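> structure for the following, please:
(2 chains)
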Amino acid sequence: MAQYYDIDDILAEDELVPAVFQEAANGVGLFDSSDDANKVEQGSKVELPFWLARELHLRQAAAINVPPCYNKKTRDEIEADAAHVDLRNRCPHFYELGHKIAPLVGDRTIGSFLLFAFQTRYKEVLIKAHTAAMAVAAKFLTLLTKEETKLYEAAQSSMAAFKKWRMGGPRFQKAAVLGRKRKPID
Amino acid sequence: MASQSDPHGSAFSAAELEFLAEDEMVEIVPNMTMDTLNLICGDFGPFRPQIATQVPLWLAVALKKRGKCTIRPPEWMSVEKLTQVLEAERDSERFFQPLPFHYVEISRLLFDHARDDIPEVYMVRSLIEDIKDVRFHKIGTGLEIISERTHALKLKNLSAMEVNIVRPFVVRALQTFYKLDSPEMIQESDRRANRRPQAPDHGPRRQLRTGR
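Here you go, the predicted structure:
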């Protein structure tokens, strides 16, 4: 809520999370395609976007489960070799969603897991951003989450701007209006 | 200051830094006679042939372009000094040598406009390039130690250009760490339990001084 105009914040809330309906609900059959009666039974498991799941959770109409990207398997992989886990495939807004979901599901360990993941992967981003050529980086970039990509781009673009400046080139930029010929008015 | 090259508006562009660097003073030897210039930023001159005087870099470059003076390269831009700096820079893994805050920009401006006034210009140029590369490498390895306990980084003797290049990255990284380490995410008791041992293959750890 704090970042109402942040597009990434909005997109992060659009991720699907597994939830269990605590009460039967009428008129929302689209969540449960196996049901023709256009209603959701109590206890049925559905995937809801996070923004909806949160509201239902706060009204105790549904319970949020921990999404698969924070499960044991991912944790093991992160612990083994954090830098080469394809987090984008699992959840493009890994940190953002984790940050939002941790207080709701009451899983204390998510916080430290996220921190550990970022801490190790951050180093990889740092090294790659300042040294690797674009061709090498392309493969590596597909592993990064949205947040990490932004970090990478921040480093990359400032380095590129510096290199461009050092190479020289025109020092003065011509305003677009200058040098344009006026068209005769008929 | 918002710059055109940077959508986040948090960093200067290289050209803006160059502009700021032009206020640094250099010594010139004029070959013409001119009265004192009374400018808002100070009085410069009077200019007499063969008598050295201090002027800002932008004025020096402007006079040089018109062939009205020769620029005396600053003291630190001599081959001996730079060789010393380079060696010291390579020797210490942790500390940066004191160089002028705008050394990257000043040297570039002088190489562009006053090549003929710098003795052994090729040597000087490659030395400065080397120094810059060594320092950048050091910054890169230094930044690896940012962690959730880092609240501030103290980087002594870093130059304007170097700070500017790492700024967007460092700011974002620190913000993310701050967010993930907020008290609502991690309780104090978990914090200790989950502190994992450091991987042993990192070699000697470089410590930028980190404030708590």
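
> quick one: low-confidence ranges for chain B?
When residues are selected by pLDDT under 70, those of chain B lie in B:1-10, B:148, B:184-212.

> what parts of chain A come near chain B?
Contacts of chain A with chain B, taken as C-beta under 8 Å from any C-beta of the partner chain, map to A:95, A:99, A:102-103, A:108-112, A:114-116, A:118-119, A:122-123, A:126-127, A:129-131, A:147, A:150-151, A:154-155, A:157-159, A:161-162, A:164-166, A:168, A:171. Every C-beta, even on glycine, is put in place using the N, C-alpha and C of the backbone.

> buried sites along the helix or strand containing A:Ser158?
A:Ser158 is located in helix A:146-167, with elements delineated by DSSP states H and E. Within helix A:146-167, the residues scored as buried using 16 or more other C-beta atoms under 10 Å in any protein chain shown are A:146-159, A:161-162, A:165.

> all helices for chain B, in order.
Here chain B has its helices, by DSSP state H, at B:14-21, B:57-65, B:79-91, B:103-113, B:121-143, B:160-180, B:188-193.

> one more: chain A?
A:7-12, A:50-58, A:72-81, A:87-90, A:94-105, A:109-131, A:134-141, A:146-167.

> counting by contacts, list what the longest one packs against.
Here helix A:109-131 is seen to pack against helix A:72-81, helix A:94-105, helix A:134-141, helix A:146-167, helix B:121-143, helix B:160-180, helix B:188-193 when contacts are counted using 3 or more C-beta pairs under 8 Å, 6 or more residues apart in numbering or on different chains; DSSP states H and E.

> one more time with 6 Å
Counting contacts by 3 or more C-beta pairs under 6 Å, 6 or more residues apart in numbering or on different chains; DSSP states H and E, helix A:109-131 is packed against helix A:94-105, helix A:146-167, helix B:160-180.

> could I get the average pLDDT for the helix holding A:Ser158?
Summarised as a single mean, pLDDT over helix A:146-167 is 84.

> same thing with stretch A:6-25?
The average pLDDT within stretch A:6-25 is 85.

> who's in contact with it?
For stretch A:6-25, contacts defined as C-beta atoms under 6 Å, 6 or more residues apart in numbering or on different chains pick out A:3, A:40-42, A:44-51, A:53, A:61-65, A:67, A:93, A:96-97.

> 7 Å instead, please
For stretch A:6-25, contacts defined as C-beta atoms under 7 Å, 6 or more residues apart in numbering or on different chains pick out A:3, A:39-51, A:53, A:56, A:60-65, A:67, A:91, A:93, A:96-97, A:101, A:146.

> same for the lengthiest strand in chain B, what does it pack against?
Scanning chain B for the strand with the most residues, using DSSP state E, yields strand B:25-30. Strand B:25-30 makes packing contacts with strand B:53-56, helix B:57-65, strand B:69-72 when contacts are defined by 3 or more C-beta pairs under 7 Å, 6 or more residues apart in numbering or on different chains; DSSP states H and E.

> tilt between it and helix B:103-113?
20 degrees (axes from the mean of the first three to the mean of the last three C-alpha atoms, to 10 degrees).

> about what we covered before: now the helices of chain B as JSON lines including distance to A:Glu23 and mean neighbour count?
Listed next are the helices of chain B as JSON lines, based on distance: least, C-beta to C-beta, whole Å; neighbours: other C-beta atoms under 10 Å in any protein chain shown:
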{"stretch": "helix B:14-21", "distance to A:Glu23": "59", "mean neighbour count": "19"}
{"stretch": "helix B:57-65", "distance to A:Glu23": "73", "mean neighbour count": "19"}
{"stretch": "helix B:79-91", "distance to A:Glu23": "68", "mean neighbour count": "15"}
{"stretch": "helix B:103-113", "distance to A:Glu23": "65", "mean neighbour count": "21"}
{"stretch": "helix B:121-143", "distance to A:Glu23": "51", "mean neighbour count": "17"}
{"stretch": "helix B:160-180", "distance to A:Glu23": "34", "mean neighbour count": "20"}
{"stretch": "helix B:188-193", "distance to A:Glu23": "33", "mean neighbour count": "10"}
